[in-house]
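In: for reference, the sequence and a predicted model appear below.
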Amino acid sequence: MEEMRMFAINLLLMMVLVSCNKTEPTPENRNQHRLFYDEEVLAQLKDRRIDEASGIAESLRYPGHFWVHNDSGDEARIFLINRQGETVVTLILQGITHRDWEDIATGQGVEQGESYIYVGEIGDNSAQHTYKNIYRLKEPVLVNLNKGQNVLSEKVETITFRYIDGNRNAETLMIDSQTKDIYIVSKREERVQVYLLEYPQTLTDTLVVPVVQTLPYTRVTAGDISADGTEILLKTLNSIYYWKRNSTETISDALGRQAEYLPYFLEPQGEAIAWLKDGSGYITVSEMSNANVIPILYFYRRK
């Protein structure tokens, strides 16, 4: 009964958001999409410390588990949750501060065979921070996945950059597995911009990152590139967009083509999306959490 009450409250809030937010069209007949089914509820997040889930990415080392982090104001930590919404590990990032973390990704890094976590300190609501950071660290090797354990990270590397065209607020960080390039998408412009941090990213100098694409969307809050580098997701407040990358294209080339809508059950302040590494679908989770609204982990299964 309690779960039904929470679901009804979530649904009411979403209906209000749809009526108030007219920044973009909401696709009709989403259950008719040719590639993906409508949402399935995997779980509610059990850990109330995750109260502003701003980014999510599936672990490469622990399939079926997801790294999640909070928005600004939290400690320098990320949470590893399972498909039941339970936190199994809290990873403390040593020597790092948390100004405004907005997205997270997992992928390859400088050492072959190692899996890495990338955390994007790229939020800038007032466009007052010239320098942005991406924190890169190896996924920890865990003896077991005990619920509630705290783990200290190994060394965290910092990639510092600034945009070539001035300060920007962004909430989207993506890794291209084919090149190890990093892509950032700005948030608020009427036509958002895509920035490129080419691999290998320096750790000693400040990168000046160029614009490689401009997109006809606004309020972009999340994105991800599939594990094989061939599929791209971008999420706005109301919609999810999808691109299939051709073998001769870069990520920016693919984004230059018209996108397809994907199914999306509107969440209260949904700011996180990720592909599953096995290609079976994608997941979302809402940022909002309070006494009456508990974030839900949604799964969209491939047909």
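Out: The structure has been received and is ready for your questions. Residues are numbered from 1 along each chain as shown.
In: nearest residue to residue 190 in space, please, no chain neighbours.
Out: The shortest distance from residue 190 to any non-neighbouring residue, by C-beta to C-beta, 6 or more residues apart in numbering, is to residue 218 (5.3 Å). To be clear about C-beta, it is placed using only N, CA and C from the backbone, and glycine gets the same treatment.
In: do I have it right that that neighbour meets residue 191?
Out: Yes - Residue 218 is within contact range of residue 191, at 7.4 Å (criterion: C-beta atoms under 8 Å).
In: quick one: low-confidence ranges for the stretch 1-150 of the chain?
Out: 1-32 (pLDDT under 70).
In: burial check on residue 208, number of neighbours?
Out: Residues lying near residue 208 (other C-beta atoms under 10 Å) number 9.
In: centre of the chain to the helix or strand harbouring it, how far?
Out: Residue 208 is part of strand 207-209, with elements assigned from DSSP states H and E. Centroid separation between strand 207-209 and its chain, computed with C-alpha atoms, centre = their mean, to the nearest Å, is 22 Å.
In: return the list of helices and strands in contact with that strand.
Out: Counting contacts by 3 or more C-beta pairs under 8 Å, 6 or more residues apart in numbering; DSSP states H and E, strand 207-209 is packed against strand 157-163, strand 193-197.
In: a markdown table for the ones you listed, including mean pLDDT and distance to residue 278?
Out: Formatted as a markdown table, these follow (pLDDT from 0 to 100; distance: least, C-beta to C-beta, whole Å):
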| stretch | mean pLDDT | distance to residue 278 |
| --- | --- | --- |
| strand 157-163 | 98 | 28 |
| strand 193-197 | 98 | 27 |
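In: of all those strands, which one is nearest residue 301?
Out: strand 193-197 (28.1 Å; C-beta to C-beta).
In: what comes up buried for the closest one?
Out: 193-197 (16 or more other C-beta atoms under 10 Å).
In: now swap in stretch 270-288 and tell me
Out: 270-277, 281-288.
In: determine which two of those are furthest apart.
Out: 277 and 288 (26.5 Å).
In: is it true that residue 179 touches residue 201?
Out: No - contact criterion C-beta under 8 Å: residue 179 and residue 201 do not qualify, at 11.5 Å.
In: state the distance from the nearest residue to residue 121 once chain neighbours are set aside to residue 69.
Out: Leaving aside its sequence neighbours, residue 121 sits nearest to residue 133 (C-beta to C-beta, 6+ apart; 4.3 Å). Using C-beta to C-beta, to the nearest Å, one obtains 14 Å as the distance from residue 133 to residue 69.
In: repeat for residue 149
Out: Residue 149 is 17 Å from residue 69, by C-beta to C-beta.
In: these two: who's more crowded?
Out: More crowded of residue 149 and residue 69, by other C-beta under 10 Å: residue 69, with 27 against 15.
In: contact partners for that one?
Out: The contact partners of residue 69, taken as C-beta atoms under 8 Å, 6 or more residues apart in numbering, are 53-55, 77-79, 101, 104, 119.
In: circling back to that earlier point, more neighbours, residue 218 and residue 191?
Out: residue 218 (16 against 10).
In: using PDB, list the CA coordinates for stretch 73-81.
Out: This file holds the C-alpha atoms of stretch 73-81, laid out as PDB (Å, rounded to 0.1, in the frame of the first residue of the first chain):
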ATOM      1  CA  GLY A  73      26.500  20.100  -1.700                       C
ATOM      2  CA  ASP A  74      27.300  16.500  -0.900                       C
ATOM      3  CA  GLU A  75      30.500  14.900   0.400                       C
ATOM      4  CA  ALA A  76      33.000  13.700  -2.200                       C
ATOM      5  CA  ARG A  77      31.500  10.300  -2.500                       C
ATOM      6  CA  ILE A  78      29.700   8.000  -5.000                       C
ATOM      7  CA  PHE A  79      27.400   5.100  -4.300                       C
ATOM      8  CA  LEU A  80      27.400   1.700  -5.900                       C
ATOM      9  CA  ILE A  81      23.800   0.400  -5.900                       C
END
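In: which residues does it contact?
Out: The contact list for stretch 73-81 (C-beta under 8 Å, 6+ apart) reads 45, 47, 49-50, 52, 59, 62, 65-69, 87-94, 96-98, 101, 104, 117, 119, 145, 297.
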